[in-house]
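A.B. asks: Build me a model:
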Amino acid sequence: MMIDLHNHTTRCNHAIGSVEAYVEQAIAQKIDVFGFSDHAPMHYDEAYRMHFNEMDAYEHDILHVKEQYKNEISILLAYEVDFLEGFIDERVLSRKVDYFIGSVHYLGKWGFDNPEFIGAYQHHNIDEIWQRYFDAIEALAKSNLFDIVGHIDLMKVFNFLPHKDVRLIANNAIKAIKKADMVVEINAAGLRKPAQEQYPSAPLLEMLAEHDIPITFGSDAHAPEQIGFSKEAMHALAKSFGYKKCATFQNRERLLINF
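C.D. replies: Presented below is the predicted three-dimensional model:
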């Protein structure tokens with residue numbers, strides 16, 4: 001089966017295309033389970049996410065296409081939630097959804113994956129910020145709030161890579177993910193970025209396989225044409241590390257299915 005659980009809508013203010021266009025493209029790409037997981041609201045960097053008063057409408061939109069296309073595809077409802085201390089909101093976490101993706105996009109107040117703030121990299125020790133990033137991933141896992149870790153090595157987005165072995169940097173985070181019984185997505189969006197590599201890298205994917213941590217797949221689409229991007233290559237990559245099953249969700253209950 002084809003699973004694609006990380007996709008956005010125009011409500012995040014940096015995506016294009018109607019909800020119906022996303023679904024129809026997913027059907028054309030022969031995706032069996034398609035998840036909308038748009039950026040959840042929070043009172044920080046509000047230009048890049050929906051507002052709290054849009055959650056009902058967002059959920060209505062997704063549930064509408066879920067019913068409309070039920071004979072052609074399975075549609076899931078979710079949020080991608082930023083793990084940022086002081087800004088995680090119970091109004092999001094209490095919503096009735098199929099799953100939550102937890103992601104780290106900020107180190108403190110620095111939106112490190114935003115091209116607008118790329119200049120800040122020159123003011124940091126690269127190994128130190130990579131460690132800070134994976135410390136945040138570790139804390140995300142230990143929070144036990146989420147079902148999926150989003151783009152686990154997003155710090156590489158602009159190709160500022162650590163000098164230290166990334167496996168050593170990520171070791172404690174991987175252990176925390178395992179203990180929390182979370183899923184890690186294989187996210188194709190990195191192939192569309194300067195990093196030109198999926199999230200996670202092969203060394204990290206090897207670590208996930210060694211720890212028997214489940215995986216799932218996500219296009220991280222912000223436009224309909226990005227749906228299903230490199231999906232066959234992502235499946236082949238996962239299989240090369242011994243994976244035969246991937247995760248999907250229903251009402252926050254995880255199911256492992258063959259892909």
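
A.B. asks: drop to CA atoms for contacts and neighbour counts, all remaining ones
C.D. replies: OK.

A.B. asks: can you map out the strands along the stretch 1-150 of the chain?
C.D. replies: Ranges of strands in the stretch 1-150 of the chain, per DSSP state E, counting those that start in this stretch, are 3-4, 33-39, 74-82, 99-103, 106-107, 110-111, 148-149.

A.B. asks: List the contacts of the first one.
C.D. replies: Counting by CA atoms under 8 Å, 6 or more residues apart in numbering, strand 3-4 makes contact with 31-35, 216-219, 228, 246, 248, 259, all of which sit outside it.

A.B. asks: in the stretch 51-200 of the chain, which spans are helices?
C.D. replies: Using DSSP state H, counting those that start in this stretch, the helices assigned to the stretch 51-200 of the chain run over residues 55-68, 90-93, 126-143, 166-180.

A.B. asks: Please convert these to TSV, extending it with distance to A120.
C.D. replies: Supplementary listing: these in TSV, determined by distance: least, CA to CA, whole Å:
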stretch	distance to A120
helix 55-68	33
helix 90-93	30
helix 126-143	11
helix 166-180	21
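
A.B. asks: Redo those as CSV? Include mean pLDDT.
C.D. replies: What follows is the helices of the stretch 51-200 of the chain, written out as CSV (pLDDT from 0 to 100):
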stretch, mean pLDDT
helix 55-68, 98
helix 90-93, 97
helix 126-143, 98
helix 166-180, 98
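
A.B. asks: picking up where we left off before, same list (the strands of the stretch 1-150 of the chain) but as JSON lines, adding mean pLDDT, distance to N13 and mean neighbour count.
C.D. replies: Written out in JSON lines, the entries for the strands of the stretch 1-150 of the chain read as follows (pLDDT from 0 to 100; distance: least, CA to CA, whole Å; neighbours: other CA atoms under 10 Å):
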{"stretch": "strand 3-4", "mean pLDDT": "98", "distance to N13": "21", "mean neighbour count": "26"}
{"stretch": "strand 33-39", "mean pLDDT": "98", "distance to N13": "10", "mean neighbour count": "25"}
{"stretch": "strand 74-82", "mean pLDDT": "98", "distance to N13": "14", "mean neighbour count": "24"}
{"stretch": "strand 99-103", "mean pLDDT": "98", "distance to N13": "18", "mean neighbour count": "24"}
{"stretch": "strand 106-107", "mean pLDDT": "97", "distance to N13": "18", "mean neighbour count": "18"}
{"stretch": "strand 110-111", "mean pLDDT": "96", "distance to N13": "16", "mean neighbour count": "14"}
{"stretch": "strand 148-149", "mean pLDDT": "98", "distance to N13": "22", "mean neighbour count": "26"}
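
A.B. asks: With A223 as the reference, name the closest of these.
C.D. replies: strand 33-39 (12.2 Å; CA to CA).

A.B. asks: Now tabulate the helices of the stretch 51-200 of the chain in CSV and tack on mean neighbour count and distance to P194.
C.D. replies: Converted to CSV, those look like this (neighbours: other CA atoms under 10 Å; distance: least, CA to CA, whole Å):
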stretch, mean neighbour count, distance to P194
helix 55-68, 15, 31
helix 90-93, 13, 31
helix 126-143, 19, 17
helix 166-180, 18, 18
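
A.B. asks: before we move on, the earlier item: of all the strands of the stretch 1-150 of the chain, which lies closest to H51?
C.D. replies: Between H51 and these, the tightest spacing by CA to CA is seen for strand 33-39, at 9.6 Å.

A.B. asks: Given that closest one, what are its sheet partners and their directions?
C.D. replies: Here the strand partners of strand 33-39, with direction, are listed using DSSP bridges: strand 3-4 (parallel), strand 74-82 (parallel).

A.B. asks: Identify the residue nearest the geometric centre of the chain.
C.D. replies: The structure's the chain has its C-alpha centroid closest to G150; by CA atoms, centre = their mean the separation is 3.0 Å.

A.B. asks: so that residue makes contact with G102?
C.D. replies: Yes. Distance between G150 and G102: 5.8 Å, which falls inside the contact criterion (CA atoms under 8 Å).

A.B. asks: Now for the two: what residues contact both?
C.D. replies: In the contact map built from CA under 8 Å, 6+ apart, the residues linked to both G150 and G102 are E80.

A.B. asks: contacting residues for the residue of the chain most remote from its centre?
C.D. replies: Among the C-alpha atoms of the chain, the one farthest from their average position, using CA atoms, centre = their mean, is that of H123, at 27.3 Å. Contacts for H123 (CA under 8 Å, 6+ apart) come out as none.
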